[in-house]
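> Below is the sequence, then the predicted model.
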Amino acid sequence: MFRRTLATLAAALLGLSALAAPAAAAPAAEPSALAVGSTLSAPTGCTTSIEWVVEGNSYYQGRGKVTCSTGRYKVKIQCRNAQTGVGYVVYGTEVVNAPSTATTTCYSGNVAEQVYAVQDPPGTGVTGCAPWMEWVHEGSSHYYGRGRVQCDTGSYRVKIQCRNAQTGVGYVVYGTEVVNAPSTATTTCYSGNVAEQVYAVQDPPGTGVTGCAPWMEWVHEGIKRYYGRGSIQCDTGSYRVQIQCRNLQTGVTYVVYGAYTVSAPNIATTTCYSGNVAEAVVAAP
């Protein structure tokens with residue numbers, strides 16, 4: 001019962017975070033932040049599921065399964081210890097051919113949060129990344145301020161997009177340690193701030209505009225406030241920000257480009273017309 005209570009609390013807090021700060025739409029190049037290597041032999045048409053595990057009188061959603069239409073693969077699940085809030089990854093030991101199902105289970109009593117298919121043989125570059133967030137405990141306060149990422153192949157560090165809940169301002173923090181797969185890279189937001197997105201950053205970096213992290217912020221006008229500002233930060237390249245906005249009175253959408261081009265890892269920012277809200281944020285040439 002205690003385990004389920006903590007899990008319910010964490011889910012509720014994440015739900016409140018989602019209500020307070022709607023997620024920015026990822027730019028077209030964003031998948032490169034999570035999988036920048038070759039995926040020519042990657043499995044396709046994959047469906048995943050999480051199932052109950054029954055141990056005596058206790059039960060928990062700790063089993064992950066994946067079935068694909070093509071390819072050769074095993075399963076990977078991102079799990080969480082509901083008592084400590086710590087996340088981790090478990091790989092299945094059996095490699096199967098499509099359309100067979102690959103299965104594995106979290107450590108006893110822990111819950112599965114995400115399920116992935118892992119191609120066999122593995123790809124090249126940074127592929128198969130699993131991001132998650134964890135609690136940070138400071139005295140009597142705690143907040144989702146830690147971001148972690150684990151990948152199947154490659155060398156990488158972590159990048160997290162954070163937000164100051166008091167001011168609404170977003171920013172990015174890079175981890176300082178480069179790790180090799182399948183190790184986990186970790187970093188933390190500034191004290192009291194929450195992580196909203198977690199990314200893997202390949203090392204050495206790619207070319208062009210890669211690894212972009214978009215987000216939105218409040219605009220304050222007198223007693224009014226609205227999500228009318230869009231910002232973006234990328235790992236490499238030169239870019240400006242492009243935001244899709246909507247006039248809530250008329251329903252009309254339009255695009256606003258930032259006036260300045262910046263070089264990575266700087267942040268590019270612009271704002272919708274007064275009173276209008278940002279719906280999508282991308283990097284533009």
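Nice, I can see it.
> how far away is Gly251 from Ala280?
From Gly251 across to Ala280, the span is 16 Å (CB to CB, to the nearest Å). C-beta here means a position set from N, CA and C on the backbone, and glycine is covered the same way.
> between those two, who's got more neighbours?
Taking neighbours as other CB atoms under 10 Å, Gly251 and Ala280 compare with Ala280 leading, 18 against 7.
> Could you give the separation of the helix or strand harbouring the more buried one from the chain centroid?
In this structure, Ala280 sits in strand 277-284 according to DSSP states H and E. Averaging C-alpha positions (CA atoms, centre = their mean, to the nearest Å) puts strand 277-284 17 Å from its chain's average.
> For that strand, which strands pair with it and how are they oriented?
Taking DSSP bridges as the criterion, strand 277-284 forms sheet pairs with strand 238-246 (antiparallel).
> Going by neighbour count, which residues in the partner strand are buried?
For strand 238-246, a neighbour-count test (16 or more other CB atoms under 10 Å) marks Tyr239, Arg240, Val241, Gln242, Ile243, Gln244, Cys245, Arg246 as buried.
> check contacts around the second one.
Taking CB atoms under 8 Å, 6 or more residues apart in numbering, we find Arg240 in contact with Tyr257, Gly258, Ala259, Tyr260, Thr261, Val262, Ala268, Thr270, Ala283, Ala284, Pro285.
> one more time with 6 Å, if that's ok
The contact partners of Arg240, by CB atoms under 6 Å, 6 or more residues apart in numbering, come to Gly258, Thr261, Ala268, Ala284.
> Can you add secondary structure and give those back as JSON lines?
Converted to JSON lines, these look like this (DSSP: H, G, I helix; E, B strand; the rest coil):
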{"residue": "Gly258", "secondary structure": "coil"}
{"residue": "Thr261", "secondary structure": "coil"}
{"residue": "Ala268", "secondary structure": "strand"}
{"residue": "Ala284", "secondary structure": "strand"}
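> Which one (most neighbours) among these?
Counting neighbours by other CB under 10 Å, Ala268 comes out on top of these with 26 neighbours.
> residues in contact with that one?
Ala268 neighbours (CB under 6 Å, 6+ apart): Ile232, Arg240, Val241, Gly258, Val262.
> if you set the cut-off to 8 Å instead, what comes out?
Ser231, Ile232, Gln233, Tyr239, Arg240, Val241, Gly258, Tyr260, Thr261, Val262, Ala283.
> can you give me phi and psi for the first one?
As for Ser231, its main-chain torsions (degrees, to the nearest 10) stand at phi -130, psi 150.
> Any chance of CSV for the buried residues of strand 238-246, columns pLDDT and distance to Trp218?
Listed next are those as CSV, based on pLDDT from 0 to 100; distance: CB to CB, whole Å:
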residue, pLDDT, distance to Trp218
Tyr239, 98, 23
Arg240, 98, 21
Val241, 98, 16
Gln242, 98, 20
Ile243, 98, 14
Gln244, 98, 18
Cys245, 98, 14
Arg246, 98, 16
